[in-house]
Every structure is written in structure tokens, then in C-alpha cells.
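Engineer: A structural model of the following input is requested.
(chains A and B)
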There are 2 protein chains.
Amino acid sequence: MEEEMASSASNNVVNIYPLSSYYFGSKEASPEKMETLSDRIERMKSNYAENGLRTCVEGVLLVELFRHPHVLLLQVKNSFFKLPGGRLRSGESDIDGLKRKLSSRLSVSESVIDSEWQIGECLGMWWRTDFETLLHPYLLPNVLSPKECLKLFLVKLPRNQRFVVPKNLKMLAVPLCQIHGSHKTYGPVISGIPQLLSKFSFNIIDD
Amino acid sequence: MEEEMASSASNNVVNIYPLSSYYFGSKEASPEKMETLSDRIERMKSNYAENGLRTCVEGVLLVELFRHPHVLLLQVKNSFFKLPGGRLRSGESDIDGLKRKLSSRLSVSESVIDSEWQIGECLGMWWRTDFETLLHPYLLPNVLSPKECLKLFLVKLPRNQRFVVPKNLKMLAVPLCQIHGSHKTYGPVISGIPQLLSKFSFNIIDD
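Structural biologist: This is a model prediction of the structure:
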């Protein structure tokens, strides 16, 4: 058992690189849905009627600033924050879908093939049991037809990368210490990320 | 990468057994420290002066009830809740220390050797940077001498086990859905456990 732990412990080291080693550019605005909450619920209902359970995948991308890990978040219209990611296509794997969504959000184009996203482990899963309710980090046994499953994955960034972000989104690097417990600003999923990452040691590489 | 994920995904299944398959008995009261908060801070200060950083290990033990995972918590004097675990001895490994503490809290005696605790992965780590402050799920770079590190480990229970709990402690099985977000009742560490477990699938074995 000790050996097993030792080997899994070594996987708990994550290399992070300075924010300054990344390039941030912008591209044409993405078709963000400008909708009210009730529009959104209606859209989820009709999508569910057509396709069933919606599975979303989102990436946790980390950079170093002031020797502390920061999460890359997208801000929509100076209001809410989200992680890069989105809905899987029918039959698409988590990994393929997340790579496609990361490219669509953060690379020159969705079809860019040289962007070798390194998808790490699944950090957590959240479930939406009704269209109207919040996500929960568990699925209750009486919920026979959950409406959405959201999976968070650690994305291992290389030393250098070009991010190209749609003009209508702002990309921010937010420190773990600011995110932790800030449920009201970041929502339950993002505000829980520092806990999900707490088992990792961060190896800051700034040479 | 897909292969790597597939293999790690298979490790994300946890077998859980019904609460009814476990036996709960009691034993002599353990010497719980009956102290005020300021006494506790004083004790931590003098321990720190003597031994430096205090490392604590705690176990997350899961059982099934109503087809939903429940966490085994210890309640002290009908007030606060804690996970079974405690402080490592000098030079003791996380795994050995947690096994010792689990036996001391939950078995007939600390020295019981037939209790083969199966310690799984580290779920998260929390840091106390000052004696007076709360634990945080990260360590800030300006904190050169943290006072305490608390590590949570998943403990894989067998199909049957005898728990023997000190009389002054009450053992409770609390559902994930009750713990989640109940910061005020359970504190920041325990209330975050549902998130830390959210990446796992639970295989309920009730035959």
C-alpha cells in the first residue's frame, strides 16, 4: 500500500509556468448566447427532449503569478465567470470534446490541430437534476434522469502557448486564494476549485 | 493520453457497503482535550515551538444508506464534528500514522494489528498559516513557516468491520447531500468532502 501511495503521490506534482510566458491575443467574437435565465431553461429543456443528458467538460488551466497558482477564467460581459469548455457532441469522448472546446475558445480556430492540449485527470463532477436547480457534486439515487453532468479536468499547459480569445470574452488569471470560498462571485463550481487542487503540489518553473 | 485517462478513470470507482453490514460498539472514553479556544491556541503554540510543523492525517470512510454515500463522522459532546484521524508522530509516515489513529479511534485498541486499514489516495490538503486563523486549501508563498498541514485520505472499508468508538464520541453516518455546503455545521474541511469525492463513482454492494 505504501508503494502505491508513493507512486500516486508523484502524480500529484503539477508544473506551472509564469503568466508572462504565455501570449494572449483576440479573435472574432464567439456567438455567446445572450439570453435570459428563463430562455436558458427553455433551451435546456428542448435540448434535453432532443438529446437527453447533456454532458459538459471544462478545463482548469493554471499559471503562476506572484509565486501562487492562478486559474484562467473567462469573463462574459464583465459579469459572470466561466471555465473554458462546453457541451460534448453526441458520441464524442470527454477528452476529444474538451480539446475541441479549448481550441474553439482559446486557439486561433476550432480546427487548429497543432494545439496539443494535454488533458489530465478528472478533478470533479457536478450534476444538474432539474432544469431550475443548481449543480450538485453528487447524484441522488431518486434522480433517475439527471439533466446535465459537468466534468472538470486538469489541463497541463506547456511552457509556452498562444491563447487567442474571442473578443466578447475576457480572459483573467485569478489566484486560488481569491477564488476559494467566493461562492457569490464565482459560483459553486469555480469557487470549489482550490479544494479540488489542494492535493497537488505545484512546481513553479520560471527559468 | 486517452489510455492514461482510461486507466485513471477505472481507479475512480469506489465500492461502498451498507451501514448495516458494520458493527458499532463502544469502549472507554478517550482523553479528549476539554479546552477553550485560547487553551487550544496556546497548546498549538507550545507544540509548534517544540516540534515545528504539525501534520495531521484524517480518513474519509464511506458507507451506503438509502443508496447514497454517507461519511462516517465523530461528534464530540453533541457539538462539533470531526473525521477520525490525528497528529503524526515525529518521523511517522502519513499512512502509518493514519492507520494508528484509525485503530485508536475506531478499533478495540490502538495496537490492534488485525485491523487492516486500506488507505487510498490523498483527497486534499489544508494549511494553517497562523495559530489563530482557519485552514486554507492552498499555501501562500509568503508563508514561510506554516503551522499545520491537514491531509485527507480516502479509506477503503471492507465488506464487514467492527468499529469500537470511545464512549465520549458519537459516530454518525452523514449523507453527502447534507454535508455539501453546510459550512456552518461541519466547518470548511468536512463540508468540502462531497466535492473532493465528486470525481468518484460509487459501486453500492448490498448483497
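Engineer: Return the residues of chain A in contact with chain B.
Structural biologist: A:1-2, A:5, A:8-9, A:12, A:66-69, A:93-95, A:118-119, A:121-126, A:136-138, A:140-141, A:176-177, A:180-181, A:188, A:192, A:194-199 (CB under 8 Å from any CB of the partner chain). (C-beta placed from N, C-alpha, C; glycine too.)
Engineer: I figured residue A:72 hits residue A:58, correct?
Structural biologist: No. In this structure, residue A:72 is not within contact of residue A:58 by CB atoms under 8 Å, at 11.3 Å.
Engineer: quick one on the thing from earlier: would you mind checking the residues of chain A next to chain B for buried ones?
Structural biologist: A:5, A:68-69, A:94-95, A:119, A:121-126, A:136-138, A:140, A:176-177, A:180-181, A:192, A:194-199 (16 or more other CB atoms under 10 Å in any protein chain shown).
Engineer: next helix or strand past the longest helix seen in chain A?
Structural biologist: In chain A, assigned by DSSP state H, the helix with the most residues is helix A:37-51. On the C-terminal side of helix A:37-51, the nearest following helix or strand under DSSP states H and E is strand A:54-65.
Engineer: how big is the angle separating the next helix-or-strand element following that next one from strand A:54-65?
Structural biologist: Note on strand A:54-65: by DSSP H and E, the next helix or strand toward the C-terminus is strand A:68-76. If you take axes from the mean of the first three to the mean of the last three CA atoms, to 10 degrees, strand A:68-76 sits at 130 degrees to strand A:54-65.
Engineer: Strand A:68-76: what's the following helix or strand?
Structural biologist: For strand A:68-76, the succeeding helix or strand toward the C-terminus, using DSSP H and E, is strand A:81-82.
Engineer: That following strand pairs with which strands, and in what direction?
Structural biologist: Note on strand A:81-82: by DSSP bridges, its sheet partners are strand A:68-76 (antiparallel).
Engineer: For the partner strand, buried residues please.
Structural biologist: Neighbour-count burial for strand A:68-76 flags A:68-74 (criterion: 16+ other CB under 10 Å).
Engineer: Make JSON lines out of those and add distance to residue A:46.
Structural biologist: Below are those laid out as JSON lines (distance: CB to CB, whole Å):
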{"residue": "A:68", "distance to residue A:46": "43"}
{"residue": "A:69", "distance to residue A:46": "39"}
{"residue": "A:70", "distance to residue A:46": "37"}
{"residue": "A:71", "distance to residue A:46": "32"}
{"residue": "A:72", "distance to residue A:46": "32"}
{"residue": "A:73", "distance to residue A:46": "29"}
{"residue": "A:74", "distance to residue A:46": "25"}
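Engineer: and which of those is nearest to chain B?
Structural biologist: residue A:68 (5.6 Å; CB to the nearest CB).
Engineer: List the contacts of the closest one.
Structural biologist: Residues near residue A:68 by CB atoms under 8 Å, 6 or more residues apart in numbering or on different chains: A:175-177, B:138, B:140-141.
Engineer: picking up where we left off before, list residues touching both of residue A:72 and residue A:58?
Structural biologist: residue A:84.
Engineer: Alpha carbons only: can I get stretch A:123-130 in CSV?
Structural biologist: Provided in CSV are the C-alpha atoms of stretch A:123-130 (Å, rounded to 0.1, in the frame of the first residue of the first chain):
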residue,chain,number,x,y,z
LEU,A,123,-11.0,16.7,-10.8
GLY,A,124,-14.7,16.6,-10.1
MET,A,125,-18.2,16.1,-11.4
TRP,A,126,-21.3,18.1,-10.9
TRP,A,127,-24.9,17.1,-11.6
ARG,A,128,-28.0,19.1,-12.5
THR,A,129,-31.0,17.2,-11.5
ASP,A,130,-33.6,19.7,-12.6
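Engineer: tally of neighbours for residue A:28?
Structural biologist: Neighbours of residue A:28 under the rule other CB atoms under 10 Å in any protein chain shown: 10.
Engineer: I'd assumed residue A:169 was in contact with it.
Structural biologist: No. The pair residue A:28 and residue A:169 fails to qualify as a contact (CB under 8 Å) at a distance of 11.3 Å.
Engineer: Could you pull out the strands in chain A for me?
Structural biologist: For chain A, strands defined by DSSP state E occupy the ranges A:13-16, A:22-27, A:54-65, A:68-76, A:81-82, A:85-87, A:118-128, A:135-136, A:148-156, A:161-166, A:169-175, A:201-204.
Engineer: want to try JSON lines for those, with mean pLDDT as columns?
Structural biologist: Compiled in JSON lines, the strands of chain A are given as follows (pLDDT from 0 to 100):
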{"stretch": "strand A:13-16", "mean pLDDT": "96"}
{"stretch": "strand A:22-27", "mean pLDDT": "93"}
{"stretch": "strand A:54-65", "mean pLDDT": "97"}
{"stretch": "strand A:68-76", "mean pLDDT": "96"}
{"stretch": "strand A:81-82", "mean pLDDT": "95"}
{"stretch": "strand A:85-87", "mean pLDDT": "95"}
{"stretch": "strand A:118-128", "mean pLDDT": "96"}
{"stretch": "strand A:135-136", "mean pLDDT": "94"}
{"stretch": "strand A:148-156", "mean pLDDT": "97"}
{"stretch": "strand A:161-166", "mean pLDDT": "92"}
{"stretch": "strand A:169-175", "mean pLDDT": "95"}
{"stretch": "strand A:201-204", "mean pLDDT": "94"}
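Engineer: Let me know which of those is the nearest to residue B:205.
Structural biologist: When these are compared by CB to CB, strand A:118-128 sits nearest residue B:205, at 21.0 Å.
Engineer: Restrict the longest helix of chain A to CA atoms and write it as CSV.
Structural biologist: Presented in CSV, the C-alpha positions along helix A:37-51 are these (Å, rounded to 0.1, in the frame of the first residue of the first chain):
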residue,chain,number,x,y,z
LEU,A,37,-32.4,32.7,-17.4
SER,A,38,-35.9,31.6,-18.5
ASP,A,39,-34.7,31.5,-22.1
ARG,A,40,-31.8,29.4,-21.0
ILE,A,41,-34.0,27.0,-19.1
GLU,A,42,-36.3,26.7,-22.2
ARG,A,43,-33.2,25.9,-24.3
MET,A,44,-32.0,23.3,-21.9
LYS,A,45,-35.4,21.7,-21.9
SER,A,46,-35.7,21.4,-25.6
ASN,A,47,-32.1,20.2,-25.9
TYR,A,48,-32.9,17.6,-23.3
ALA,A,49,-36.0,16.5,-25.1
GLU,A,50,-33.9,16.0,-28.2
ASN,A,51,-30.6,14.7,-26.9
